[in-house]
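Undergrad: return atomic coordinates for the entry below.
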Amino acid sequence: MSIALLSACGTGDKSTGASDGKMKTYTVATDSNFKPFEYKNTKTGEMEGFDIDLMKEIAKRAKFKVKFESMQFDGVIAGMKSGRYPIGIAGMSITDERKKSITFSDPYYDSGIVLMVSNESEIHSIDDVDGKKIGTRQGSTSQAYLKDKTKAKVEAFPEIVNAYMDVKTGRLDAALYDLPNVLFFIKQQGEGKVKTTGDVLEGQSYGIAFPKNSDLVDDVNTALKKIVEDGTYAKIYKKYFGAEPSEKWRGK
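TA: Residues are numbered from 1 along each chain as shown. Just a heads-up that it's a prediction; the model follows:
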């Protein structure tokens, strides 16, 4: 998806600043396929998902408009570091390493990473992956975890679904990735052949990303807080996850 927008004066951001009092439009970098957070509706060609609806609501409250540009996950991170995009939302974990080059909003989702294996697998926890072929996603915290804390044979894919499918067919011994996405795949495409195993590792929160020193962070945080407090967050959550969020996210 390619969206040509005028750059805001002096920023290099993909944003349009109107001089007639109209709201600015910002291009939001997002993942191309991370269900149920963001994905393209094949019938309409439009981006959908929890992150998409949440970002639209934030923009409405913060009085700006958004257009989404989809790409591979590592492209979102690169776009934030370079300042090419003013906003990024892609189920991105807030980490100390990323905060060195990216600014994050307040957290908007609590997650963690987990192993997915075949039902017959002898892998029962992360302690069993050394020497095994483990799939994950390029540029993800799961890839960093496998590299830093295990001796697994890591295969990183641009699209995590490729790793999941390879676990189903037996080409990979396991996949390590974000819990909600793993659970969504098992429910939608697991066909009773795969499951999670072991503990949820490195509980992490997702944040909306910005280039360093962005002026948008405070407005986005204010809007996000109101969305949680008035129950709008819980409605969006239930739409995509089929359940109520934890008490922390239910508002008043």
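
Undergrad: switch to C-alpha atoms for all contacts and neighbour counts from now on
TA: OK.

Undergrad: for residue 143, which non-adjacent residue is spatially closest?
TA: residue 136 (5.9 Å; C-alpha to C-alpha, 6 or more residues apart in numbering).

Undergrad: average pLDDT across whichever strand or helix holds that neighbour?
TA: Taking DSSP states H and E as the definition, residue 136 sits inside strand 133-137. Per-residue pLDDT values over strand 133-137 give a mean of 97.

Undergrad: before we move on, what about stretch 220-230?
TA: On average, stretch 220-230 scores 97.

Undergrad: who's in contact with residue 177?
TA: 113-115, 136-137, 142, 160 (C-alpha atoms under 8 Å, 6 or more residues apart in numbering).

Undergrad: what about those residues, which are in helices?
TA: 142, 160 (DSSP state H).

Undergrad: buried subset of the contacts of residue 177?
TA: 113-115, 136-137, 142, 160 (16 or more other C-alpha atoms under 10 Å).

Undergrad: let me have those in a markdown table, extended by distance to residue 226.
TA: Below are those laid out as a markdown table (distance: C-alpha to C-alpha, whole Å):
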| residue | distance to residue 226 |
| --- | --- |
| 113 | 28 |
| 114 | 31 |
| 115 | 35 |
| 136 | 35 |
| 137 | 33 |
| 142 | 31 |
| 160 | 33 |
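
Undergrad: is the most centrally placed residue in the chain in a helix, a strand, or coil?
TA: Relative to the mean C-alpha position of the chain, the nearest C-alpha, by C-alpha atoms, centre = their mean, is the one of residue 91, at 1.4 Å. Under DSSP: H, G, I helix; E, B strand; the rest coil, residue 91 falls in the coil class.

Undergrad: for it, which non-adjacent residue is spatially closest?
TA: residue 206 (5.6 Å).

Undergrad: hmm, back to that, so what are the sheet partners of the strand holding residue 136 and their directions?
TA: strand 153-157 (parallel), strand 174-178 (parallel) (DSSP bridges).

Undergrad: tell me the most buried of those?
TA: Neighbour counts (mean count of other C-alpha atoms under 10 Å) averaged over each of the strands paired with strand 133-137 peak at strand 174-178, with a mean of 27.

Undergrad: Provide a list of residues in contact with residue 111.
TA: So residue 111 contacts 178-180, 203-206 (C-alpha under 8 Å, 6+ apart).

Undergrad: of those residues, closest to residue 102?
TA: residue 206 (13.2 Å; C-alpha to C-alpha).

Undergrad: quick one, phi psi at that closest one?
TA: phi -90, psi 150 (degrees, to the nearest 10).

Undergrad: okay, and residue 78 sits in which element?
TA: helix 73-82.

Undergrad: the inter-axis angle of that helix versus strand 133-137?
TA: Taking axes from the mean of the first three to the mean of the last three C-alpha atoms, to 10 degrees, one finds helix 73-82 and strand 133-137 inclined to each other by 50 degrees.

Undergrad: please save the CA atoms from helix 73-82 in PDB.
TA: In PDB, the C-alpha atoms belonging to helix 73-82 read as follows (Å, rounded to 0.1, in the frame of the first residue of the first chain):
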ATOM      1  CA  PHE A  73       6.900  -5.200  11.200                       C
ATOM      2  CA  ASP A  74      10.600  -4.300  11.000                       C
ATOM      3  CA  GLY A  75       9.700  -1.600   8.500                       C
ATOM      4  CA  VAL A  76       7.500   0.000  11.100                       C
ATOM      5  CA  ILE A  77      10.400   0.200  13.600                       C
ATOM      6  CA  ALA A  78      12.700   1.500  10.900                       C
ATOM      7  CA  GLY A  79      10.200   4.100   9.900                       C
ATOM      8  CA  MET A  80       9.900   5.400  13.500                       C
ATOM      9  CA  LYS A  81      13.700   5.500  14.000                       C
ATOM     10  CA  SER A  82      14.200   7.500  10.800                       C
END
